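[1] Provided below are the primary sequence and the corresponding predicted coordinates.
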Amino acid sequence: MARSPCDIRLLLLAAAVAFIYIQVRLFASQSHHAERLAEAEKSESRCTSQLRSMIDQVSMQQEKIAALEEMKIRQDEERVQLKILIQDLEKRSLQTLVNKNVVPVAAVVIMACNRPDYLQRTVESILKYQKTVASKFPLFISQDGTNGDVKKKALSYTQITFMQMTWRSPQISSTTSRLQRNCLIMTRR
């Protein structure tokens with residue numbers, strides 16, 4: 001049986017229609033997948049930016065926590081320094097002077113300001129004139145810096161009370177004696 005050219009043309013036409021239909025379906029499928037891929041990329045970008053934002057917030061909170069911990073450590077150190085100051089004042093017989101009603105008339109306060117070289121000359125100059133009236137004029141060295149040499153130099157003198165200035169005002173309790181309160185008030189900025 002011979003096929004006519006018309007039959008072959010119909011078959012070719014049907015094959016061309018089927019091919020075009022398949023191509024249109026492939027194009028529609030590809031564009032649908034491309035849209036889904038673009039949405040996925042946008043979603044991933046949004047998630048990445050949110051993650052970065054959260055990481056930044058966490059790091060800022062960690063910095064705040066570290067700053068608060070440092071502040072607590074400083075406050076604890078200040079508390080210890082104040083306790084040492086009170087103990088030192090009591091140890092140096094200022095409490096005894098108050099109990100004997102021999103209240104000092106005035107106090108000599110030297111501000112050290114991180115200068116241990118000038119501190120020695122100043123103290124020796126004052127002690128030259130102050131030894132005879134030491135009970136009436138107690139001598140204090142106040143250090144508002146962080147130089148350890150100043151503290152070492154000041155503590156080498158037995159007739160001097162050393163005060164380390166702190167950034168916070170000291171707490172004065174109701175049991176603190178009047179002389180101790182006056183000395184603590186002097187340490188305030």
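    Structure's in. What do you need?

[2] State the number of residues packed around Gln143.
    23 (other Cβ atoms under 10 Å). Heads up, the C-betas are built off the backbone N, CA and C, glycines and all.

[3] One more: Tyr118?
    Counted with other Cβ under 10 Å, Tyr118 comes out at 13.

[4] repeat for Ala15
    When neighbours are counted by other Cβ under 10 Å, Ala15 registers 10.

[5] And for the one 3 residues further on?
    The burial count assigned to Ala18 is 10, neighbours taken as other Cβ under 10 Å.

[6] Where do the strands of the chain begin and end?
    For the chain, the strands defined by DSSP state E occupy 108-111, 139-143, 160-164.

[7] So which residue is smack in the middle of this structure?
    Centroid-nearest residue in the chain, with Cα atoms, centre = their mean: Ala67, separated by 2.3 Å.

[8] Give me the pLDDT value at it.
    pLDDT, Ala67: 94.

[9] Ok, Lys100 next?
    60.

[10] Tell me which residues of stretch 154-165 come out buried.
    For stretch 154-165, the neighbour count (16 or more other Cβ atoms under 10 Å) marks 154, 157, 160-165 as buried.

[11] got JSON lines for those residues, with distance to Leu127 and pLDDT too?
    As requested, the buried residues of stretch 154-165 are exported to JSON lines (distance: Cβ to Cβ, whole Å; pLDDT from 0 to 100):
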{"residue": "Ala154", "distance to Leu127": "13", "pLDDT": "82"}
{"residue": "Tyr157", "distance to Leu127": "8", "pLDDT": "79"}
{"residue": "Ile160", "distance to Leu127": "8", "pLDDT": "77"}
{"residue": "Thr161", "distance to Leu127": "13", "pLDDT": "78"}
{"residue": "Phe162", "distance to Leu127": "15", "pLDDT": "77"}
{"residue": "Met163", "distance to Leu127": "18", "pLDDT": "77"}
{"residue": "Gln164", "distance to Leu127": "21", "pLDDT": "76"}
{"residue": "Met165", "distance to Leu127": "22", "pLDDT": "68"}
